[in-house]
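Chemist: Sequence first, then the predicted structure:
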Amino acid sequence: MRRKRNRRQARADRDGFLFALPWIVGFLAFSLYPILMSGYYSFTDFSAIKEPVWVGLKNYKSLFQDVNFYKSLSNTLIFTALSVPVTIILSLVVAMLLKIVPMGRTIFRGIFYVPSIFPVVAVTMIWVQLLDSRNGYLNRFLSLLGLRKLNWLGDPQMTKPSLVLMSCWGIGTTIVILLAAMGDVPKELYESASIDGAKTISQFFHITIPGISHVLLYQIILAIIGGFQYFTQVYVLVASQTSAFTMGGKAGPKNSLMVYPMYLFENAFVRLEMGRASAMAWLLFLIIGMLTFVTVRLSKKWVDIQ
């Protein structure tokens, strides 16, 4: 009997391994191998037209002496610092409103989620029309309110708020996830709080937020990672204004739209400096890793792990 069980277990293990083998091969070939090779290329002088030559830390040293590297990093940090709280708070407010007002919840949930599935390039082109300084619809709306028009994409002080405004378009997924998490908070807690005289705002901060804190932490981490990888929208914005960037030109007024992934793209596919771009990618990985670690460590003060 024991031998039969062992044979069945061995057969089950073999079948399970064979079932997972395609994914394992795909992961090794298309994920792990490119990651390891990019680490090697970051220490080489490498482009698409010549063999890699080992140069040690030269790529990293050149980056730390590059003004545009610090400019792109600061732009990305500012954008992330603005976009993360705005998108998370806005998602929380909308999700809470959908929870409080049950009428038409399914319809409104779909309405808020639909923008998330639209093609990014098409959506960005719409935003280009909305943010146009002359005839954009946002400036028309401001004129109707008697306010002065804003140079959304031409003023270095307004480019990052414009990107934050654009990032709010895709919060539908976050809203749906937070709304689902709110539905898992025990109703008994709200009933007890209501009996004790707690208002809706008090219940939100003392019951809802602690109850969904673990999901909220996950969304914050995703928002941080997304902020540092914000590329397509910025690239389309710059390309819609000028084609000079494809030849190494400026990204927006005073390079205010030169975010980190944009500069990485320029090094890799415009200058063909793949080694330098690989070094930038690994630095980005370390920065995101450190910020994620700090966020998780700080979350122990407010995340309810029970």
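Modeler: Good, I have the coordinates.

Chemist: Only the buried residues of the longest helix seen in the chain, if you could.
Modeler: In the chain, assigned by DSSP state H, the helix with the most residues is helix 67-100. Residues of helix 67-100 classed as buried by neighbour count (16 or more other Cβ atoms under 10 Å): 69, 71-73, 75-80, 82-84, 86-88, 91-92, 94-96, 98-99. Heads up, the C-betas are built off the backbone N, CA and C, glycines and all.

Chemist: At which residues are the helices of the stretch 101-250 of the chain located?
Modeler: Counting by DSSP state H, counting those that start in this stretch, the stretch 101-250 of the chain has helices at residues 105-113, 120-130, 137-144, 156-167, 172-183, 187-195, 200-203, 209-211, 213-228, 232-241.

Chemist: Mind checking the pLDDT average for the shortest one?
Modeler: Confidence over helix 209-211 (mean pLDDT, whole number) is 90.

Chemist: sorry, back to before: need the helices of the stretch 101-250 of the chain in JSON lines with distance to R7 and mean neighbour count, can you?
Modeler: Shown next, in JSON lines, are the helices of the stretch 101-250 of the chain (distance: least, Cβ to Cβ, whole Å; neighbours: other Cβ atoms under 10 Å):
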{"stretch": "helix 105-113", "distance to R7": "49", "mean neighbour count": "14"}
{"stretch": "helix 120-130", "distance to R7": "52", "mean neighbour count": "15"}
{"stretch": "helix 137-144", "distance to R7": "70", "mean neighbour count": "13"}
{"stretch": "helix 156-167", "distance to R7": "56", "mean neighbour count": "19"}
{"stretch": "helix 172-183", "distance to R7": "44", "mean neighbour count": "19"}
{"stretch": "helix 187-195", "distance to R7": "51", "mean neighbour count": "12"}
{"stretch": "helix 200-203", "distance to R7": "58", "mean neighbour count": "12"}
{"stretch": "helix 209-211", "distance to R7": "48", "mean neighbour count": "17"}
{"stretch": "helix 213-228", "distance to R7": "42", "mean neighbour count": "18"}
{"stretch": "helix 232-241", "distance to R7": "53", "mean neighbour count": "19"}
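
Chemist: Distance to W282 for those helices - can I get that in CSV?
Modeler: Below are the helices of the stretch 101-250 of the chain laid out as CSV (distance: least, Cβ to Cβ, whole Å):
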stretch, distance to W282
helix 105-113, 35
helix 120-130, 26
helix 137-144, 39
helix 156-167, 25
helix 172-183, 28
helix 187-195, 45
helix 200-203, 45
helix 209-211, 36
helix 213-228, 13
helix 232-241, 21
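
Chemist: Name the stretch from those helices that approaches M262 most closely.
Modeler: Proximity to M262 (Cβ to Cβ) singles out helix 232-241 among the helices of the stretch 101-250 of the chain, at 5.6 Å.

Chemist: who's in contact with the closest one?
Modeler: 120-121, 123-125, 127-128, 153, 163, 166-167, 245-246, 251-252, 257, 259, 261-262, 265 (Cβ atoms under 8 Å, 6 or more residues apart in numbering).

Chemist: What of stretch 93-105?
Modeler: Contacts for stretch 93-105 (Cβ under 8 Å, 6+ apart): 108-109, 112, 171, 175, 178-179, 182-183, 200, 204, 208.
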